[in-house]
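Colleague: Kindly generate the corresponding structure for this input.
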Amino acid sequence: MIKTVKKAIIITGPTATGKTALSIDLAKKIDGEIVAADSMQIYRYMDIGTAKPTLEEQQGIVHHMISIVDPKESYSVSLYKDDALKCIEDIYARGKTPIIVGGTGLYINALTYDMDFSNTIKNESYRDELKQIAKEDGNNELFKLLLEKDPIAAQKLNKNDVKRVIRALEVKETTGKSIYEKADDFKNADPPFPYEIFALLFDREILYKRIDMRVDIMINNGLIDEMQHLLDMGVTREMQSMQGIGYKQLFDYFENKASLDDTIELIKRETRRYAKRQLTWFRHDKRIRFLDANGSKCFKNQLMDILKIH
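Modeller: Now for the predicted structure:
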């Protein structure tokens, strides 16, 4: 438990809503340091496709939890929680305020719920068995198994999301509980530090235009060259880092299976779908206070008014 009277400020929301710029403005006002909550910005050499803030954009504000993992390495929510909490403790110890920024809802929940991942059981042999079922019998057979063993998870998962279906079955097999039932157990737990959480909202049409524009900017800023550099380093499709939108879709382009124009459109479409999933996640979280771009005040003024900062 971090002992302090200061509250951490959490700024989240879908991709392309301007979280980074707002957090930097806030950090200047409250002597804050930023802790990223982004499952892709943790990777080194992956700057453009993750919209990682450049040194110029950071404007001298200290950023934690970016560029800490090699693209060939795996990284878990448990590791994120441990590493990010150390950063938060250090920020508090130096009399500053942590500002947690990012759109990875699972990372934010790991920090704000008293979740203990240290005792999570892995059953790699069972996982391999499930992968074999998916490979030989298809997604339908795997999902039938989920329906039988964990109907709670089956209601929440898509049969084609094989990775999550396998994980749900693994958790059920090893703990006897649904992966969602397990998550719910933690929601009444005391958080490890005090916080306020805000999410940024745009009308969907405006948000989708911002996403399309951001992808075009990434391409113009050198995303193709960045991907080539990663390929030269030896990354493969299967690696965790390469599951990120903007990287995953480029493999077909580099293997001459898709044109660049088609690949760019695919990246835009998948990013829009991801933003829609993010919105669904955040709207189910009753702790969040939403800052709406449709109001008469910009995000910055809305946030400063709420926090009584002038």
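
Colleague: contacts and neighbour counts: CA atoms only from here.
Modeller: Will do.

Colleague: Tell me where this protein has helices.
Modeller: For the chain, the helices defined by DSSP state H cover 19-30, 55-58, 77-93, 105-112, 124-137, 139-149, 151-156, 162-175, 179-185, 204-220, 223-233, 250-254, 260-283, 299-307.

Colleague: would you list those helices in CSV and tack on distance to Ser67 and mean pLDDT?
Modeller: What follows is the helices of the chain, written out as CSV (distance: least, C-alpha to C-alpha, whole Å; pLDDT from 0 to 100):
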stretch, distance to Ser67, mean pLDDT
helix 19-30, 16, 96
helix 55-58, 12, 97
helix 77-93, 13, 94
helix 105-112, 16, 92
helix 124-137, 28, 87
helix 139-149, 35, 92
helix 151-156, 32, 86
helix 162-175, 25, 85
helix 179-185, 28, 60
helix 204-220, 18, 97
helix 223-233, 14, 98
helix 250-254, 21, 98
helix 260-283, 22, 96
helix 299-307, 27, 94
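
Colleague: Nearest to Ile197, out of those helices?
Modeller: helix 105-112 (9.6 Å; C-alpha to C-alpha).

Colleague: Can you lay out the helices of the chain as JSON lines showing mean neighbour count and distance to Tyr45?
Modeller: JSON lines is the format used below for those (neighbours: other C-alpha atoms under 10 Å; distance: least, C-alpha to C-alpha, whole Å):
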{"stretch": "helix 19-30", "mean neighbour count": "18", "distance to Tyr45": "19"}
{"stretch": "helix 55-58", "mean neighbour count": "12", "distance to Tyr45": "14"}
{"stretch": "helix 77-93", "mean neighbour count": "17", "distance to Tyr45": "19"}
{"stretch": "helix 105-112", "mean neighbour count": "20", "distance to Tyr45": "21"}
{"stretch": "helix 124-137", "mean neighbour count": "14", "distance to Tyr45": "30"}
{"stretch": "helix 139-149", "mean neighbour count": "17", "distance to Tyr45": "34"}
{"stretch": "helix 151-156", "mean neighbour count": "15", "distance to Tyr45": "34"}
{"stretch": "helix 162-175", "mean neighbour count": "19", "distance to Tyr45": "25"}
{"stretch": "helix 179-185", "mean neighbour count": "14", "distance to Tyr45": "33"}
{"stretch": "helix 204-220", "mean neighbour count": "16", "distance to Tyr45": "14"}
{"stretch": "helix 223-233", "mean neighbour count": "16", "distance to Tyr45": "7"}
{"stretch": "helix 250-254", "mean neighbour count": "18", "distance to Tyr45": "16"}
{"stretch": "helix 260-283", "mean neighbour count": "17", "distance to Tyr45": "19"}
{"stretch": "helix 299-307", "mean neighbour count": "15", "distance to Tyr45": "30"}
